[in-house]
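1. Model the structure of this input:
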Amino acid sequence: MAWFRAASGVARLALRRNLARTPYHVARAGALPRFQPARCFHSTQLRRAAPVPRPVPLSRLTDSFLDGTSSVYLEELQRAWEADPSSVDESWDNFFRNFVGQAATSPGISGQTIQESMRLLLLVRAYQVNGHMKAKLDPLDLEEREMSDDLDLALYGFTEADLDREFFLGVWRMSGFLSENRPVQTLRSILERLEQAYCGTVGYEYMHIPNRDQCNWLRERIETVKPREYSQERRQVILDRLTWSTLFENFLATKWKAAKRFGLEGGETLIPGMKEMFDRAADLGVESIVIGMPHRGRLNVLGNVVRKPLRQIFSEFSGGTKPVEEGEGLYTGTGDVKYHLGTSYDRPTRGGKMIHLSLVANPSHLEAVDPVVVGKARAKQYYSNDIERTRNMGVLIHGDGSFAGQGVVYETLHLSALPNYTTGGTIHIVVNNQVAFTTDPKCGRSSQYCTDVAKALSVPIFHVNGDDVEAVVHVCELAAEWRQTFHSDVVVDVVCYRRFGHNEIDEPSFTQPKMYRVIQDHPSALELYEKELLESGRISKDDVDRMRNKVSTILEEEFINSKDYVPRKRDWLSAYWAGFKSPEQISRIRNTGVKPEILKRVGQAITTLPENFKPHRAIKRIFQQRAEMIETEEGIDWALAEALAFATLIVEGNHVRLSGQDVERGTFSHRHAVVHDQETGEMYCPLDHIIINQDEEMFTVSNSSLSEFGVLGFELGYSMENPNSLVLWEAQFGDFANGAQVMFDQFLSSGEAKWLRQTGLAVLLPHGYDGQGPEHSSGRVERFLQMSDDNPYIIPEMDPTLRKQIQECNWQVVNVTTPANYFHVLRRQLHRDFRKPLIVMSPKNLLRHKDCKSHLSEFDDVLGHPGFDKQGTRFKRLIKDRNDHKEIEEGIDRLILCSGKVYYELDEARKNTKRNDVAICRVEQLCPFPYDLIQRELKRYPNAEIVWCQEEPMNMGAYSYVNPRIYTAMRAISRGNIEDIKYVGRAPSAATATGFLSVHVQEQKEILHKAMQPEPIGFPF
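-> Have a look, this model is predicted:
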């Protein structure tokens, strides 16, 4: 069929052109002009009359199924074949052999021409490609779609008189009814089969998939002789599940009439569809499913699919889970509305298996949870050694408006086949209400279907009428089978409706009057299914009443019990989190230094390349320099310090994963975690060879797609599964992180407070002013500090044995200035009994700065070296002045507090101006603020003018954050007022930096000059 697939498009165009030349080919009545786009499902315009095809007799056709030249080509091919069958392509040899042989033995088709057979094959293909256009998908029967010309018999030259004629189809190497041993069929029987398969209540889109085996697999299941049949027992299960789905919503509507719940009314068949999908998936080997979904229908999914206790759901309606004042492990955070919460449950399936379901908590930002779910599913696969990716999978439920409109949908789809991001396929279910809040589809998308974005991938799309519960169940099971067979994504588009407004107190008829007149009188899917079963005699009225009464009784009992419901201890959704502490529990501070012999051993491993490996000569020199650093223990730079942190964590049995754009080499060509053989192209990752028989994914470094939102969300989900891993996402430049602002705002900064979900994700944002312009200078540290929840006017408990400052803060923001401190802050992420996100303003020019080096002793745990103080070797929240100052230095006139790479420029300026009366302290951890260390330095320099110096404009950088906190530290020791804190830095600006290098240089000089000026600095600057 290779020739057939390649020529079909040309064939249809040529045939349409030839037929149009005849006076007998009349345009179909009521057809829309060709230049208008196809109608979407729901529209408020009046419906047009159904098109009436006009047959064209074969005798009136001016040419063949192609055109004049192609007709001659076909005849020449046939003559050549008759003379020598081997002289034509195998596919044509197969066609002619079948056709001539069959015609000789079947007198009924002796008058058939080759062109007729070819046209008939084109008709079959037209149904496979466009049959969904004729499918009965809209339960409200409001859809206005232009019928494809390809489904018109007249286009192929057939009339009603041909319906009972027998035609030769041949036997082809493809599945479906074309593969059956019935090469001769009447046109009527062919059409009946095609209509049954492609134009019922399910519309299939799969012919865009270029893989023949996959298309054949689908055809086998679509073009089956027998329509789908369910046993009496299965139908009772489906009815029971639909009853639960429907009566649950009715119960909530009765008890809480004015409450927002974003119910599933109009799409209740989603619940039996999901449950049957999960049952089928479990039968095929799935053990765990991660679910992400928006607010609509979430309570129904929580209660009926994931099995969250109904009494807990009802309790949340009656006032929510109240904070508990005493007892460990009952931290409740700020909480969130009930239709954003998640849960997990081990649920038995119909087939007698157990399957773990976890529904991820999410914000109102539609589709933002998509990459989080996929990342969590990938992590589950790693930790369960699911190499084939068949035991853990993700399921995403979408809305029609958001699936078409939100860019993160494509970003997530785009990850599906990438080596370090694939999960072996995600099942997407679109609850297609045919309206997005108040927006009609014609205003909400440019494509015919809301699912057309998925055609960018070679995945099937199943459109199904949401009122036909058995059809919904069928395609949901088919989706599970596809995913387990081909390990790729699949989309189920449940075309339904929304019985009420966007929420239950909204009035939808303001904007969709016609739709809601129809909905008002439209029976529910449960009523339709009960009626169907009753009329067919498959179930009795007593059975229906008994089932309804059982569900209603249980709902009432759970409602009564909800009044005394007491919340359990927090559920971390994963056994890996057992024993980790919440913010009200003290976690001991640990040292992060490593034994010298381990540092040496892993240092040698990460600086050694295979003997026969031929790297680029510059890379070879870099690795030689790194080996020398380890050998001499001096001059360790940023990249090597990072590699040492990763390697030592791996030796301790932890998983390390680094992801982002260009992270393998590093944006600034400093990391070189993966090196390439210059002759063979072979890749080698030294960090994959730290321990014997190291799992290839134990250290993962992966260049990502050019996505911030999707990839950061993926890594966030990955980090949430297991605390014993260091998961990092690095932005190409810190400026680009705002492409993922939703992730920072709704998940990373507030996820623990809203949903009690900890994460230790580390975010690396290259930051620093070095003249690269407004889009390559700032990681926007001010935004992360502004979202920090520590109180600027209250100093928390700072005693090392009692300190919970980091635990009680929502995240950590650091701007580190030494390789050793970077090493320790990364290791600190895992060497504690809790997890917090870490935001690192990582450097750019410090990567190769001559003074930004560390000695190997600063990494170890041995007593008595410069990096070891009375607390041991660990991350330094503040680095005091490099000069060996005493506990009290009255001769220091100015204390400059700064953060980041500006320190090195200030230190150089101090040397050049010989200002030995100036002390410079580096605030390495901005959030939570190191009040105790700031006070220590304030006491050390009692006569010093206090200055905050930064490179960023005044309205950016850390100034607005540190200013009130420095004052709070001063006030506690009676050291002046807020006007005594002087500012040195750029003036307020709309842009982060100038685009002119000369201006940048001048601004930088002015900052350094002012910081070192002999006269006092004015307030504020």
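2. Could you report the neighbour count for V711?
-> Residues lying near V711 (other Cβ atoms under 10 Å) number 29. Glycine gets a C-beta too; all of them are placed from N, C-alpha and C.
3. surely it meets V372?
-> No - between V711 and V372 there is no contact under Cβ atoms under 8 Å: 11.3 Å.
4. what domains does the record give for this protein?
-> As assigned by the TED database, the chain contains the domains 114-223, 232-323+332-567, 596-858, 882-1012.
5. From one end of the shortest one to the other, what's the distance?
-> The distance separating the two terminal residues of domain 114-223, taken as Cα to Cα, to the nearest Å, comes to 25 Å.
6. returning to that earlier point: pick out the shakiest of the domains of the chain, pLDDT-wise.
-> Here the lowest mean pLDDT among the domains of the chain goes to domain 114-223, at a mean of 85.
7. Is R221 located within a helix, as I assumed?
-> Yes - per DSSP: H, G, I helix; E, B strand; the rest coil, R221 lies within a helix segment.
8. With adjacent residues omitted, what lies nearest to it?
-> Take R221 and drop its neighbours on the chain: the residue closest to it by Cβ to Cβ, 6 or more residues apart in numbering is L478, 6.2 Å away.
9. and the host helix or strand of that neighbour, what does it pack onto?
-> If you go by DSSP states H and E, L478 is part of helix 469-486. Other helices and strands packing on helix 469-486, by 3 or more Cβ pairs under 8 Å, 6 or more residues apart in numbering; DSSP states H and E, are strand 202-205, helix 212-222, helix 232-255, helix 270-283, strand 426-432, strand 461-465, strand 490-495, helix 525-535.
10. okay if I get those as JSON lines plus mean neighbour count?
-> As requested, the helices and strands packed on helix 469-486 are arranged in JSON lines below (neighbours: other Cβ atoms under 10 Å):
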{"stretch": "strand 202-205", "mean neighbour count": "25"}
{"stretch": "helix 212-222", "mean neighbour count": "18"}
{"stretch": "helix 232-255", "mean neighbour count": "19"}
{"stretch": "helix 270-283", "mean neighbour count": "25"}
{"stretch": "strand 426-432", "mean neighbour count": "26"}
{"stretch": "strand 461-465", "mean neighbour count": "25"}
{"stretch": "strand 490-495", "mean neighbour count": "28"}
{"stretch": "helix 525-535", "mean neighbour count": "17"}
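11. H885 is nearest to which of these?
-> strand 426-432 (58.2 Å; Cβ to Cβ).
12. between the closest one and strand 490-495, how big is the angle?
-> Strand 426-432 runs at 10 degrees relative to strand 490-495, counting by axes from the mean of the first three to the mean of the last three Cα atoms, to 10 degrees.
13. could you dump strand 426-432 to PDB, C-alpha only?
-> Output of strand 426-432 as PDB, limited to C-alpha atoms (Å, rounded to 0.1, in the frame of the first residue of the first chain):
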ATOM      1  CA  THR A 426       0.600   9.600  29.000                       C
ATOM      2  CA  ILE A 427      -3.100   9.100  28.600                       C
ATOM      3  CA  HIS A 428      -4.900  12.500  28.000                       C
ATOM      4  CA  ILE A 429      -8.600  12.700  28.700                       C
ATOM      5  CA  VAL A 430     -10.300  15.900  27.500                       C
ATOM      6  CA  VAL A 431     -13.600  16.700  29.300                       C
ATOM      7  CA  ASN A 432     -15.000  18.700  26.400                       C
END
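14. now it, how far from the centre of its chain.
-> The chain centroid and the centroid of strand 426-432 are separated by 14 Å under Cα atoms, centre = their mean, to the nearest Å.
15. After that strand, which helix or strand is next? Please name it.
-> helix 441-444.
16. Which positions within that next one qualify as buried?
-> Neighbour-count burial for helix 441-444, counted by 16 or more other Cβ atoms under 10 Å, picks out P441, K442, G444.
17. for stretch 878-897, same thing?
-> Residues of stretch 878-897 classed as buried: L878, I879, K880, D881, E889, I892, D893, R894, L895, I896, L897 (neighbour count, 16+ other Cβ under 10 Å).
18. can you list contacts of that stretch?
-> Outside stretch 878-897, the residues that touch it by Cβ atoms under 8 Å, 6 or more residues apart in numbering are 817-818, 821, 906-907, 915-925, 930, 933-934, 937-949, 962, 966, 984, 1011.
19. go with 7 Å
-> 817, 906, 917-924, 930, 933-934, 937, 940-949, 1011 (Cβ atoms under 7 Å, 6 or more residues apart in numbering).
20. Whichever of those end up buried, select them in ChimeraX.
-> Per 16+ other Cβ under 10 Å, the buried members of those correspond to this ChimeraX selection:
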select :817,906,918,919,920,921,922,923,924,930,933,934,937,940,941,944,945,946,947,948,949,1011
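21. can you tell me which of the contacts of stretch 878-897 are in helices?
-> Per DSSP state H, helices hold the following members of those: L906, L933, I934, E937, R940, A1011.
22. Serialize the residues you listed to CSV and add fields for distance to N791.
-> Below are those laid out as CSV (distance: Cβ to Cβ, whole Å):
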residue, distance to N791
L906, 30
L933, 18
I934, 16
E937, 22
R940, 26
A1011, 30
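23. and the two most separated of those?
-> L933 and A1011 (20.8 Å).
24. quick one: which helix or strand includes the residue positioned nearest the centre of the chain?
-> In the chain, the C-alpha nearest the mean C-alpha coordinate belongs to P371, at 1.3 Å (Cα atoms, centre = their mean). Element membership of P371 [criterion: DSSP H and E] is helix 370-383.
25. List the strands paired with whatever helix or strand comes next after that helix, with their directions.
-> Moving toward the C-terminus from helix 370-383, the next helix or strand (DSSP H and E) is strand 392-399. Strand 392-399 has the following sheet partners, assigned by DSSP bridges: strand 288-292 (parallel), strand 426-432 (parallel).
26. quick one, the first one and helix 270-283 angle?
-> With the same axes, to 10 degrees applied, the angle from strand 288-292 to helix 270-283 works out at 150 degrees.
27. what does strand 288-292 contact?
-> For strand 288-292, the external contacting residues (Cβ under 7 Å, 6+ apart) are 278, 281, 355-360, 362, 369-370, 372-373, 376-377, 380, 391-396.
28. Could you pick out the buried ones from these?
-> The buried subset of the contacts of strand 288-292 (16+ other Cβ under 10 Å) comprises 278, 281, 355-360, 362, 369-370, 372-373, 376-377, 380, 391-396.
29. check contacts around R445.
-> Contacts of R445 (Cβ under 7 Å, 6+ apart): A404, G405.
30. what about it, distance to Q434?
-> To Q434, R445 is 12 Å away according to Cβ to Cβ, to the nearest Å.
31. and S384, how many neighbours?
-> 13.
32. Isn't it up against N392?
-> Yes - applying Cβ atoms under 7 Å, one finds S384 in contact with N392, separated by 6.3 Å.
33. The stretch 851-1000 of the chain: helices as residue ranges?
-> For the stretch 851-1000 of the chain, the helices defined by DSSP state H, counting those that start in this stretch cover 902-913, 931-940, 959-972, 997-1012.
34. now do the stretch 501-650 of the chain
-> Going by DSSP H, counting those that start in this stretch, the stretch 501-650 of the chain shows helices at 513-521, 525-535, 541-562, 596-606, 617-632, 638-651.
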